[in-house]
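Asks: quick one, structure for this:
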Amino acid sequence: MAAPGTGRLDCRVVAGRVVTTAASAYPLKIMTPRAAQTGPSAGGPALHPVAAYLLTYGGGLVHGDTVTVHVCVEPQVALVLLTQGSTKVYRTRGQPAREEAAGQSVQTLEIGVAAGALVCVLPDPVTCFGDARYSQRQRVRLAAGASLVLLDWMTSGRMSRGERWCFARYFSVNAVCAEGGRLAIRDALLLDDPRALRDADVDALAYLLALGPAAAAIADRFRREHRDARIRPARTAAATRPDVRWSVSEVDTCGVRGVAVRAAAASTAELRAWLVGFLAPLQAAVGAAAWSMFANT
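Replies: Okay, the predicted model is just below:
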């Protein structure tokens, strides 16, 4: 019997069709809608799209929850990992724990991507309630020729309830390993005193990776727009969304190539619209059905 909160998802192509195997234990649930499973797009990459939702009963993580998901994607598969609504992290119960890890809600995602495959991690943002403590670790192993689009983003909290930057702790680590297990990227965000952000006009933060050949069009657009913003700032702001502040960093290490993007916005809706615009080239690789599950939420 699987341990509580653990899950596994395997995707492969057999006889020209995608075969997915999913298993999970409460409070985690993995769903793979058949509507998103189609053949390769005409004129696009020879990838077979599939979508999967990572869900938790109750729509979030309560005090002490630990969720761990292992994902394996074989060649010719374009997997889109989604969530059904924002990941809510409920408040810590009782007195604040003295130990750093005690009383937290923890979520871990381990992904292996084979050569010629694409994985798009496109969840809704994490929303921490007042006094919540959350820790997230996402680790991706990329084979040579594999591609990854990974979105890690969060909101300031339940703004309608007056809980703006009121959580106790938020910690997120994203790591990408290249062929042979060499560490290519490790990025961490720690907010252990988020109250310092209350005076800033920011209610949503995002970190995005676009790596590998299947994400080259997205990486090129980020580079182009970022270059134009430095050369012609007024024109670029009018063409894109001036309320989103962002930066681009080149990634070219251990055979992993692409870009890393950080963005901040005054509203979640504004940041989502900005992300959808930049990630639109994914539709050709993952199919209209899987793409709409992210773009139209």
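
Asks: would you say residue 294 is within a strand?
Replies: No - using DSSP: H, G, I helix; E, B strand; the rest coil, the assignment for residue 294 is helix, not a strand.

Asks: for the stretch 101-250 of the chain, which segments count as strands?
Replies: 105-113, 118-121, 126-128, 133-142, 147-155, 169-177, 183-191, 204-211, 244-253 (DSSP state E, counting those that start in this stretch).

Asks: got CSV for those strands, with mean pLDDT, distance to residue 73 and mean neighbour count too?
Replies: For glycine as for every other residue, the C-beta is placed from the backbone atoms N, C-alpha and C. Compiled in CSV, the strands of the stretch 101-250 of the chain are given as follows (pLDDT from 0 to 100; distance: least, C-beta to C-beta, whole Å; neighbours: other C-beta atoms under 10 Å):
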stretch, mean pLDDT, distance to residue 73, mean neighbour count
strand 105-113, 97, 5, 21
strand 118-121, 98, 5, 25
strand 126-128, 96, 23, 26
strand 133-142, 97, 10, 21
strand 147-155, 98, 10, 23
strand 169-177, 97, 14, 20
strand 183-191, 97, 18, 15
strand 204-211, 98, 14, 24
strand 244-253, 95, 20, 15
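
Asks: okay if I get the ones you listed as a markdown table plus distance to residue 13?
Replies: Shown next, in a markdown table, are these (distance: least, C-beta to C-beta, whole Å):
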| stretch | distance to residue 13 |
| --- | --- |
| strand 105-113 | 14 |
| strand 118-121 | 13 |
| strand 126-128 | 32 |
| strand 133-142 | 19 |
| strand 147-155 | 16 |
| strand 169-177 | 24 |
| strand 183-191 | 26 |
| strand 204-211 | 22 |
| strand 244-253 | 28 |
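
Asks: name whatever forms a beta bridge with the residue nearest the centre of the chain.
Replies: Central residue of the chain (C-alpha atoms, centre = their mean): residue 151, 3.0 Å from the mean position. Beta bridges link residue 151 to residue 208, judged by DSSP bridges.

Asks: please look at it and residue 210 and confirm they touch.
Replies: No - judged on C-beta atoms under 8 Å, residue 151 makes no contact with residue 210 at a distance of 9.7 Å.

Asks: how close does the residue nearest to the centre of the chain get to residue 65?
Replies: Between residue 151 and residue 65 the distance is 22 Å, computed by C-beta to C-beta, to the nearest Å.

Asks: same question for residue 107.
Replies: Counting by C-beta to C-beta, the gap from residue 107 to residue 65 is 8 Å.

Asks: how many other residues sit next to residue 280?
Replies: 14 (other C-beta atoms under 10 Å).
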